[in-house]
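Q: sequence? don't have it. structure:
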């Protein structure tokens, strides 16, 4: 079964241009396309697995990157659907306050992660085994992704997500714009 790009109801945003979103959605569609191509190639190479062992291994390695890019972007874009909405009271806010003392302290901590030098993602997860929130930096699309945790919030910090609107030294302004446009109801709904 092939993967298909999802569509997202993203309204006009403050600080993130329609041009950036359009370009970014095109990049996401490329990840979906490459996931399908790689899976087809692996199936084809498996017809003569012994002679294609190296190619299969490299395709499997690449699949992690492309699949991570596809899925991370699905979380990212869904967070903007239906426009900006404030953080509702409930489980997510309570867990942030429990772990970091307040929503504002969580935000400060998360912004520090997002400002990490390099390309990747700032991620907030829920650990269903311990029922706590965990956050980290994920290199590229997949390196450092925490196993068996559920993504709650995904902030794309690759240049393609902000360089049409901000120079690299102003990525803090992009982080501000990200949070200004976030639909916290969607984010909070991931933690039930």
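A: In hand now; what should we look at? The model shown is predicted, which means the values in this text are computed figures rather than measured ones.
Q: residue nearest the centroid of the chain?
A: Residue closest to the average C-alpha location in the chain (Cα atoms, centre = their mean): residue 72, at 3.3 Å.
Q: and that residue, which of the three is it?
A: helix (DSSP: H, G, I helix; E, B strand; the rest coil).
Q: you'd agree it is up against residue 121?
A: Yes - between residue 72 and residue 121 there is a contact under Cβ atoms under 8 Å: 5.8 Å. No exception for glycine: its C-beta is placed from N, CA and C like everyone else's.
Q: thinking again about what came up before, report the contact partners of the residue nearest to the centre of the chain.
A: Listed by Cβ atoms under 8 Å, 6 or more residues apart in numbering, the contact partners of residue 72 are 121, 138, 141, 151, 154, 156.
Q: Take those and lay them out in a markdown table including pLDDT.
A: Converted to a markdown table, the contacts of residue 72 look like this (pLDDT from 0 to 100):
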| residue | pLDDT |
| --- | --- |
| 121 | 97 |
| 138 | 96 |
| 141 | 88 |
| 151 | 98 |
| 154 | 98 |
| 156 | 98 |
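Q: The chain - how does it break down into domains?
A: Here the domain parsing of the chain from automatic domain parsing is 18-78, 91-189.
Q: so what secondary structure elements neighbour the helix or strand hosting residue 33?
A: For residue 33, the element it lies in under DSSP states H and E is helix 18-45. If contacts are counted by 3 or more Cβ pairs under 8 Å, 6 or more residues apart in numbering; DSSP states H and E, helix 18-45 sits against helix 53-78.
Q: Tell me which helix or strand comes right after the helix it packs on.
A: helix 91-100.
Q: ok, and what's touching that next one?
A: With Cβ under 8 Å, 6+ apart as the test, helix 91-100 has contacts from 87, 102-103, 106, 109, 126, 132-133, 152, 187-188, 191-192.
Q: Mind picking the two most distant members of these?
A: 109 and 192 (23.4 Å; Cβ to Cβ).
Q: between these two, who's got more neighbours?
A: Between residue 109 and residue 192, residue 109 has the larger neighbour count (other Cβ atoms under 10 Å), namely 16 against 8.
Q: Kindly state the pLDDT recorded for the spatially closest residue to that one that is not a sequence neighbour?
A: Excluding the flanking residues, the one nearest residue 109 by Cβ to Cβ, 6 or more residues apart in numbering is residue 100, at 6.0 Å. With respect to pLDDT, residue 100 scores 98.
Q: can you count the residues close to the closest residue to residue 10 other than its chain neighbours?
A: Once flanking residues are discounted, residue 10 sits nearest to residue 80: 4.8 Å by Cβ to Cβ, 6+ apart. By the criterion of other Cβ under 10 Å, residue 80 has 20 neighbours.
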